[in-house]
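Colleague: Curious how this folds, go ahead:
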Amino acid sequence: MRGLKIKRLLSIVVLGLCFFSIQTFADNNAKITSGILKFAAYDNFPPYSYQAENGKAEGIDVDIARALAAELGLKANIRLVFADESLGDDLRVYVWKGHHVTGPPSDVMLHVPYDENLIKQEDKVNFIAPYSEEQVVVAADPKQLGNNPQITAFFSNKIGVERVTMADGYLLGAFRGQIRNSVVHFHSIVEAVQAMKDEDLTAVMGTRTEIEAALGDAKENYQIGLMTMPGIAKASWDLGLAVKATNKDLTKSITASMNKLILDGTIKKIFNKHGASYHIPAAIINYPQE
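Modeller: Numbering: from 1, shown residues only. Modelled structure (predicted):
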């Protein structure tokens with residue numbers, strides 16, 4: 001029933017925007033007359049976006065960019081970029097203003113939180129097209145912790161995290177610091193997961209997509225899921241896109257195309273291709289009914 005409801009809701013969205021044709025989009029938007037849609041995606045961020053051994057950009061977000069461009073009858077140009085000190089800085093440099101060093105902004109930025117507070121703060125950017133829900137989860141080794149361990153298990157058992165992430169901050173402060181001495185820091189989720197495989201850790205905490213992709217076929221050997229985590233600010237959020245606020249044509253066109261790609265299963269297939277499960281964004285599930 002949930003799947004049927006989502007499909008019905010998405011059908012309303014897609015049909016409501018079908019009047020906005022690809023040809024009209026191409027004719028009216030001078031920035032896309034070259035036939036190329038320019039995307040910005042974070043570098044060194046597997047499985048979402050990274051440079052493969054062949055030198056090309058690869059990953060979930062990269063495949064989504066290519067699918068969106070194809071849906072619009074355009075080619076995708078994907079630039080891998082480094083994260084600045086804040087999301088606001090990234091949006092300024094890569095979406096609406098540009099920089100004298102990095103060059104002009106892209107048409108679309110991928111992997112941007114779709115958040116009401118953020119939408120209110122950033123008036124020069126349109127936050128659009130939520131395409132998945134990301135979750136902070138724990139992958140635990142049942143051989144070491146047994147079935148269904150609780151967060152308090154890490155008072156005395158080692159758990160790995162990537163440095164300077166939500167999971168890192170939470171574990172260092174949770175339960176008045178009682179987990180702090182059990183936290184082991186890594187430069188990436190990939191490194192943390194490998195340490196768990198080697199049984200140097202009992203668990204890893206981080207985003208579900210990164211953990212699942214890093215585990216690969218081995219994920220069946222671990223318990224991966226949400227835990228009751230008292231005091232955590234937010235354990236899940238939607239991911240979407242950002243475009244310049246004045247680019248209304250692009251906003252309408254991409255919104256319609258993304259909804260279609262979710263509805264026909266393309267986005268789910270992309271996540272599965274990269275070893276990750278797919279979770280419908282809350283913004284889509286909660287789309288208002290008339």
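
Colleague: Would you mind writing the CA trace of stretch 89-104 as CSV?
Modeller: C-alpha atoms of stretch 89-104 as CSV (Å, rounded to 0.1, in the frame of the first residue of the first chain):
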residue,chain,number,x,y,z
ASP,A,89,30.2,28.7,1.0
ASP,A,90,29.7,25.7,-1.4
LEU,A,91,26.4,27.2,-2.6
ARG,A,92,27.9,30.6,-3.2
VAL,A,93,30.9,29.2,-5.2
TYR,A,94,29.3,26.4,-7.1
VAL,A,95,25.7,27.5,-7.5
TRP,A,96,24.9,31.2,-7.6
LYS,A,97,28.1,33.3,-7.8
GLY,A,98,31.3,31.4,-8.7
HIS,A,99,34.9,32.3,-7.8
HIS,A,100,37.9,33.7,-9.5
VAL,A,101,39.9,30.6,-8.8
THR,A,102,37.3,27.8,-9.4
GLY,A,103,35.5,29.6,-12.2
PRO,A,104,31.8,30.2,-12.9
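
Colleague: Contacts made by that stretch with the rest, please.
Modeller: For stretch 89-104, contacts defined as CB atoms under 8 Å, 6 or more residues apart in numbering pick out 40, 81, 83-84, 105-106, 109, 112, 122, 124-125, 242-245. All C-beta atoms are positioned from the backbone trio N, CA, C, and that covers glycine.

Colleague: Kindly recompute the last result at 10 Å.
Modeller: 31, 38-42, 79, 81-84, 86, 105-112, 118, 122-127, 241-247 (CB atoms under 10 Å, 6 or more residues apart in numbering).

Colleague: What residues of stretch 209-219 count as buried?
Modeller: The neighbour-count check on stretch 209-219 (16 or more other CB atoms under 10 Å) flags 209, 210, 211, 212, 213, 214, 215, 219 as buried.

Colleague: Name the residues that touch it?
Modeller: Defining contact as CB under 10 Å, 6+ apart, one finds that stretch 209-219 is touched by 45-48, 59-60, 132-139, 162, 165, 188-194, 196-197, 204-207, 221-222, 224, 239, 271, 274-279.

Colleague: Now the element after the helix or strand hosting residue 37, going C-ward?
Modeller: Taking DSSP states H and E as the definition, one finds residue 37 inside strand 36-42. Using DSSP H and E, the next helix or strand after strand 36-42 towards the C-terminus is strand 50-51.

Colleague: can you tell me the average pLDDT over stretch 153-169?
Modeller: Model confidence over stretch 153-169 averages 96 on the pLDDT scale.

Colleague: Check which residues of it are buried.
Modeller: So, applying 16+ other CB under 10 Å, buried residues of stretch 153-169: 153, 154, 157, 158, 159, 160, 161, 162, 165, 166, 167, 168.
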